[in-house]
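In: using only what follows, build the 3D model:
(one chain, ligands or ions: 1)
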Amino acid sequence: MKRPANDRSLRTFPGPLLLLGAGKMGFAMLEGWLKRGLAPGKIIVLEPQPGKTVKALARRGLKLNPKGKAPITAAIVIAVKPQSAPEAVPAVRGYAGKGTLVLSIMAGRTIQFLESALPAGMAIVRAMPNTPAAIGRGITVAAPNAKVSARQRKQADDLLSAIGSVEWVSDEGVMNAVTAVSGSGPAYVFLLAEAMTKAGIAAGLPAALAAKLARETVAGSGELLHRSELDAATLRQNVTSPGGTTAAALEVLMGPGGFDEILTKAIAAATRRGRELAG
Ligand SMILES: NC(=O)c1ccc[n+]([C@@H]2O[C@H](COP(=O)([O-])OP(=O)(O)OC[C@H]3O[C@@H](n4cnc5c(N)ncnc54)[C@H](OP(=O)(O)O)[C@@H]3O)[C@@H](O)[C@H]2O)c1
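Out: Numbers count the residues shown, from 1 in each chain. Predicted structure coming up:
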């Protein structure tokens, strides 16, 4: 079985670290950093509507919406909605110095957009996480601009690995496809659980039992896939005896108009939409 990859400490992270936007994803990152030992005193949060936990952290040294002269930070993490970016991002300019790393998780906002909204010559990483980040089990794909040093790349990797696994790409152009597979992917998996529930009811199960079977099967199989050294195809083959019940279902799912075809179409549609939204 594989070891969890995201067990790195942030105790020695230089700080200060600025988080712009402590909504769902920003807060998940903040929680991940604290769990990995980042001291609240090293963190600055800019957030118009901070939740209870962020306010409580402010009593433990986290600086929440500070007034006065902005300190130069080691890193700035941008986690506001893409549509808030033109108005929100300029607020971080005062915190950006020569060595500052800028890490953006905004969907669809390009490195070029960030370069034009920030002081010239900044080291920028554009990243795309996904919702299992909320339980430290996300997958993030990260792309650096040419200004990112090896040290800054390691810093970005340390910050992102607090919410799950991290993959690096050199070509930002793949981000729409990444968004279509892993960014939007959790919705496809939840839909699978919904569809299995409905199909279970149609096959004669009580609704509550069908929902529980679907939920636990999706969750347990996901966990097995996560922990196993085997790939998905091998795990599937291992539970399929020739001529058996699983084989009968897979004949339908893998036949014409089945899973492969539908998911290829769905992911192509999401990729296209990403391109349209990016303009
Ligand atoms: N959630 C996901 O699964 C996911 C996956 C991949 C990428 N992302 C990216 O992560 C980013 C955040 O998404 P989210 O789901 O976490 O959204 P969210 O919950 O709406 O969080 C955004 C936060 O930023 C705050 N904010 C708005 N304007 C601000 C400003 N001027 N200064 C400081 N903070 C400001 C918002 O406050 P108000 O509520 O007051 O507006 C909100 O708390 C998005 O760019 C999204 O594309 C999210």
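In: against Val169, how distant is the residue nearest to Leu230 when sequence neighbours are not counted?
Out: Nearest residue to Leu230, sequence neighbours excluded (Cβ to Cβ, 6 or more residues apart in numbering): Asn238, at 7.4 Å. For glycine as for every other residue, the C-beta is placed from the backbone atoms N, C-alpha and C. Relative to Val169, Asn238 is positioned 31 Å away (Cβ to Cβ, to the nearest Å).
In: of those two, which one has the most company?
Out: Val169 (15 against 10; other Cβ atoms under 10 Å).
In: wait, the more buried one touches Ala142, no?
Out: Yes. Val169 lies in contact with Ala142 (Cβ atoms under 8 Å); the separation is 7.4 Å.
In: ok, back up a step: how near is the residue nearest to Leu230 to Ala232?
Out: 11 Å.
In: ok now stretch 142-161, how far from the chain's centre?
Out: Stretch 142-161 sits 15 Å away from the centroid of its parent chain (Cα atoms, centre = their mean, to the nearest Å).
In: output that stretch as CSV, nothing but the C-alphas.
Out: Provided in CSV are the C-alpha atoms of stretch 142-161 (Å, rounded to 0.1, in the frame of the first residue of the first chain):
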residue,chain,number,x,y,z
ALA,A,142,0.6,23.7,-10.8
ALA,A,143,2.3,25.7,-13.6
PRO,A,144,5.1,28.2,-12.9
ASN,A,145,6.1,31.3,-14.9
ALA,A,146,9.7,31.8,-15.9
LYS,A,147,10.5,33.8,-12.8
VAL,A,148,9.8,31.0,-10.3
SER,A,149,13.1,29.8,-8.8
ALA,A,150,13.7,26.2,-7.5
ARG,A,151,13.3,27.5,-3.9
GLN,A,152,9.9,29.1,-4.8
ARG,A,153,8.7,26.1,-6.6
LYS,A,154,9.5,24.0,-3.5
GLN,A,155,7.6,26.6,-1.4
ALA,A,156,4.6,26.4,-3.7
ASP,A,157,4.7,22.6,-3.6
ASP,A,158,4.9,22.7,0.3
LEU,A,159,1.9,25.0,0.5
LEU,A,160,-0.2,23.0,-2.0
SER,A,161,0.7,19.6,-0.6
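In: what are the buried residues along it?
Out: By neighbour count on 16 or more other Cβ atoms under 10 Å, the buried set for stretch 142-161 is 142-145, 148, 152-153, 155-161.
In: quick check, that stretch touching the ligand?
Out: No. Using Cβ under 6 Å from any ligand atom, stretch 142-161 stays clear of the ligand, with a minimum separation of 11.6 Å.
In: do the same with stretch 80-88
Out: Yes. Interface with the ligand: stretch 80-88 contributes Val80, Lys81, Pro82, Ser84, Glu87, Ala88 (Cβ under 6 Å from any ligand atom).
In: tell me the contacts of the last one?
Out: Under the criterion of Cβ atoms under 8 Å, 6 or more residues apart in numbering, the neighbours of Ala88 are Leu20, Gly21, Ile78, Val80.
In: do the same with the third one
Out: Contacts of Pro82 were listed using Cβ under 8 Å, 6+ apart, and they are Met106, Ala107, Gly108, Arg109.
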